[in-house]
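Chemist: need coordinates for the following:
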Amino acid sequence: MTEKNQPPSAPPPVAAPPLPDPAPEHTAAAASAVRAAPPALVGSIASATALRLVRVDANTLLAAVAAVLLKAHIDMVVVCNFAGVAEGVITETVLIHQLAFGNADVFKTRASEVMLRNFSTCHSADALTDVLVMMQARALGFVLVVDERLVPLGVLNVRDGLRALLAAGNYEEKLLRDYVMGVGYQ
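Modeler: As a prediction, the model looks like this:
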């Protein structure tokens, strides 16, 4: 018996065939490829860190340091000795504090008199994630990249480091997605 106002019955849904599970060796290979990807190193963004590096002599007057900071649109200058070894740094904040509290005269005070002698460094071979964690723990916006002799190679800005990690993560995600989808590595 059928009722007149009852809509016609819809055909039963057709279940899509299940997708085959990837072969264990393919799954293991994909996971291994992601795990085997080397960590991003500070040296991987050497061009960006080198652009932020500005050196001054220990005898440079603060007026010149201020001009360099302003002109170069950077946050820190590195004070180096005659051999090019980093002896200290002057940040915008250090400069402003020295001037605001009357501790320095921009036309008489030399960089060596106000520079920070205790400063954080990293090396090109350091893992970028480790350096960024250290920077976060110490509330640093930038850190000096040096070689084994303490010669400056660049200044790592936290924004540049985070951009590099994001780009590396997106690239690894794309590789894994392409592998799983059968596109392969490109």
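
Chemist: what's the helix or strand Val155 falls within packed up against?
Modeler: Per DSSP states H and E, Val155 falls inside strand 152-157. Using 3 or more Cβ pairs under 8 Å, 6 or more residues apart in numbering; DSSP states H and E as the contact test, the elements touching strand 152-157 are helix 46-51, strand 76-80, strand 142-146. Where you see a C-beta, it was placed from the backbone N, CA and C, and this is true even at glycine.

Chemist: tell me where the protein has strands.
Modeler: Using DSSP state E, the strands of the chain run over 55-57, 76-80, 86-91, 121-122, 142-146, 152-157.

Chemist: closest to Ala164 out of those strands?
Modeler: Set against Ala164 and scored by Cβ to Cβ, these come closest in strand 152-157, at 9.7 Å.

Chemist: strands paired with the closest one, and their directions?
Modeler: strand 142-146 (antiparallel) (DSSP bridges).

Chemist: list the buried ones in the strand it pairs with?
Modeler: For strand 142-146, the neighbour count (16 or more other Cβ atoms under 10 Å) marks 142-146 as buried.

Chemist: next: stretch 110-123.
Modeler: 110-112, 114-115, 119, 121-122.

Chemist: contact partners of it?
Modeler: Stretch 110-123 has contacts (Cβ atoms under 8 Å, 6 or more residues apart in numbering) with 42, 56-62, 65, 77, 79, 86-91, 94-95, 98, 103-104, 131, 134-135, 138, 140, 143-148, 150, 156.
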